[in-house]
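Participant: Generate coordinates for the sequence data below:
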Amino acid sequence: MFPLYSLLYLLAIAILFPKEYLKRPGELRSTWLREKLGFLELPPGFVGATDQSGQSEKTLWVHAVSVGEAAAAATFIREYKGLHPDDRIVVSTITDTGRAVAKERLAGLAEVVYLPFDLTGAISRALSRVRPDVFVIMETEIWPNLIRTVKAHDIPVVLVNGRISEGSFRNYMRIKGFLLHVLKLIDVFCVQDDIYAERLLELGVDSNKIDKTGNFKFDVKVKDEEIEWISRLEGQVIVAGSTHAGEDEVILAAYRSLLEVYKGLNLIIAPRHPRRFDDVWGLMEKEGVYCIRRSEIGVGGVMTGSVVLLDTVGELSAVYRAADVVVMGGSFIPHGGQNPLEPAYWGKPVLCGPHMENFPFIKEFYDSGAACETSAGGLAGDIGGLLESEDRRRSMGAGARAILEENRGAVDRAIRIVDRLAGR
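Facilitator: A predicted model of the protein is given here:
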């Protein structure tokens, strides 16, 4: 099956390569191509551990496909480097946005590269450069040749913060016979909860390889910093975090209706993907809404009744601190939602649309009143209800922070497993 997979993969590359190459900014294209072929751009002298003392520093290769996985990897790596400051870490991503987030959050902690094509030659070239002691996969990013080649080099493979969405599970079951050959090569699966553990068991994974360590997202750490331009917003603030196409219109309509009652109400809208910054800006112009780009905000001057387009990467988690109400993007369309735990860290009340399937733990928030489910039609009314009651906002926010604290510790448990595989 592996030769057939490789052939199909090569055909896919041939078809998609021009689009994938040209969609990247000019300054990234040569880097992307070299690294996709396995010629990783690492600092001079970057090699695997060579100390023979038995207590040598180690090298980890951590793969995080996109933004969400890169954020989880950053949480893991910061804790890991605190314990092992001399270890070397390489983080691979697939998307440009994931790469940007990883570089921003892991500056000075890890080298960030593109994951090579899932071909034995490209992966072997990359492995000869990195020489990792352990290969760490974030969540559930299964590349057959990658895992097979890593194991052929006698490198342990561990999947951490593991999850399998319902849609992915259905697809995996269709190719269960082939997939099991790949899954058997993974040494340990550190999964988020019982649901994902059960799905792995149904796929044929040995129960002895499955460890329920918890969800990294609960170990979120946010910079405790004041943002200057935020301090100049006068009036209550709605933050719409990580919005997707089709949601900005819903949020904008709710905001405009609320302005009739709540004079001076501010909206910060943060598209999930940088490529959508201009699209959302165009929507504001079309709707005749006065909007300010975060990147163009100057120094000084009070802002009230403002709509701010957060067209920067890596600032949203700190911006949540300023919110009176948070609206969770990705949840008003069939996307599966976005992470509600960063606003929970700040003790903020969160409103989610009906599609939070990627975050099954949200049910605990709903059941305890620490977050609320709403709809496109009910969004304005639910935001208004929270703006009217400071006590309710405080109660919801405190409940969200309490759930966050109760579920911490997943990263530490995963690090202990990685250390064991690394021979510590």
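Participant: any idea how far residue 186 is from residue 143?
Facilitator: 12 Å (CB to CB, to the nearest Å). Using the backbone N, CA and C atoms, a C-beta is placed for each residue, glycine as well.
Participant: quick one: contacts for the residue nearest to residue 116 when sequence neighbours are not counted?
Facilitator: Leaving aside its sequence neighbours, residue 116 sits nearest to residue 122 (CB to CB, 6 or more residues apart in numbering; 3.9 Å). Applying CB atoms under 8 Å, 6 or more residues apart in numbering, we find residue 122 in contact with 36, 37, 38, 116.
Participant: Just give me the closest of these to residue 305.
Facilitator: Of all the contacts of residue 122, residue 305 sits closest to residue 36, with 47.0 Å by CB to CB.
Participant: Counting neighbours, what do you get for that closest one?
Facilitator: Counted by other CB atoms under 10 Å, the residues lying close to residue 36 total 21.
Participant: Break down the chain into its strands, ranges please.
Facilitator: 59-63, 88-93, 111-114, 134-138, 157-162, 188-191, 210-212, 237-243, 266-271, 291-293, 307-309, 325-328, 350-352, 372-373 (DSSP state E).
Participant: Which stretch among those strands is buried most, on average?
Facilitator: strand 325-328 (a mean of 28; mean count of other CB atoms under 10 Å).
Participant: residues in contact with that one?
Facilitator: Residues outside strand 325-328 that contact it (CB under 8 Å, 6+ apart) are 236-242, 251, 320, 337-338, 340, 343, 348-353, 356, 379, 383, 386-387, 393.
Participant: Same check on stretch 375-385?
Facilitator: Everything outside stretch 375-385 that qualifies as a contact, by CB under 8 Å, 6+ apart, is 238, 250-251, 253-255, 257-258, 261-262, 325, 327, 332, 351, 353-354, 372, 374, 392.
Participant: related to what we said a few turns ago, which pLDDT value belongs to the residue nearest to residue 116?
Facilitator: Note on residue 122: pLDDT of 96.
Participant: repeat for residue 54
Facilitator: 48.
Participant: repeat for residue 227
Facilitator: 85.
Participant: Would you mind measuring from the residue nearest to it when sequence neighbours are not counted to residue 270?
Facilitator: With CB to CB, 6+ apart as the criterion, residue 227 has its nearest non-adjacent residue at 5.8 Å, and that residue is residue 318. According to CB to CB, residue 318 and residue 270 sit 11 Å apart.
Participant: ok, now which ones touch the nearest residue to residue 172 once chain neighbours are set aside?
Facilitator: Spatial nearest neighbour of residue 172, chain neighbours left out: residue 179 (5.5 Å); criterion: CB to CB, 6+ apart. Neighbouring residues of residue 179 by CB under 8 Å, 6+ apart: 142, 172, 203.
Participant: tell me the contacts of the first one?
Facilitator: The contact partners of residue 142, taken as CB under 8 Å, 6+ apart, are 179, 182, 183.
Participant: repeat for the second one
Facilitator: Taking CB under 8 Å, 6+ apart, we find residue 172 in contact with 164, 179, 203.
Participant: Please tabulate those in CSV and include pLDDT and distance to residue 231 as additional columns.
Facilitator: Shown next, in CSV, are the contacts of residue 172 (pLDDT from 0 to 100; distance: CB to CB, whole Å):
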residue, pLDDT, distance to residue 231
164, 91, 43
179, 94, 51
203, 96, 50
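Participant: how about those residues in JSON lines, adding distance to residue 219?
Facilitator: Below are the contacts of residue 172 laid out as JSON lines (distance: CB to CB, whole Å):
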{"residue": "164", "distance to residue 219": "20"}
{"residue": "179", "distance to residue 219": "29"}
{"residue": "203", "distance to residue 219": "27"}
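Participant: Just give me the closest of those residues to residue 128.
Facilitator: residue 179 (27.5 Å).
Participant: quick revisit: indicate which one of the strands of the chain is closest to residue 408.
Facilitator: strand 157-162 (13.5 Å).
Participant: Pull up the pairing partners for that closest one, direction included.
Facilitator: strand 134-138 (parallel), strand 188-191 (parallel) (DSSP bridges).
Participant: what about these, which gets the closest to residue 304?
Facilitator: Per CB to CB, nearest to residue 304 of these: strand 134-138, 41.2 Å.
Participant: Just the residues contacting that closest one, thanks.
Facilitator: 58, 60-65, 69, 72-73, 76, 147, 150, 155-161, 186, 418, 421-422.
Participant: do stretch 2-11 as well
Facilitator: Taking CB under 8 Å, 6+ apart as the rule, stretch 2-11 contacts 117, 118, 119, 120, 144, 145, 148, 178, 181.
Participant: ok, now with 10 Å
Facilitator: Residues from elsewhere that reach stretch 2-11, judged by CB atoms under 10 Å, 6 or more residues apart in numbering: 117, 118, 119, 120, 143, 144, 145, 148, 175, 178, 181, 182.
Participant: Around the closest residue to the last one other than its chain neighbours, count how many other residues there are.
Facilitator: Right, residue 182. Distances taken as CB to CB, 6+ apart place residue 144 nearest to residue 182, at 4.8 Å, with adjacent residues excluded. Residue 144 has 19 neighbouring residues, counting by other CB under 10 Å.
Participant: tell me the contacts of residue 144?
Facilitator: Listed by CB under 10 Å, 6+ apart, the contact partners of residue 144 are 1, 2, 5, 6, 9, 118, 178, 179, 181, 182, 183, 185.
Participant: Which of the residues you listed fall in helices?
Facilitator: 2, 5, 6, 9, 178, 179, 181, 182, 183 (DSSP state H).
Participant: wait, which of the residues you listed is closest to residue 297?
Facilitator: For these, the nearest to residue 297 is residue 9 (45.1 Å; CB to CB).
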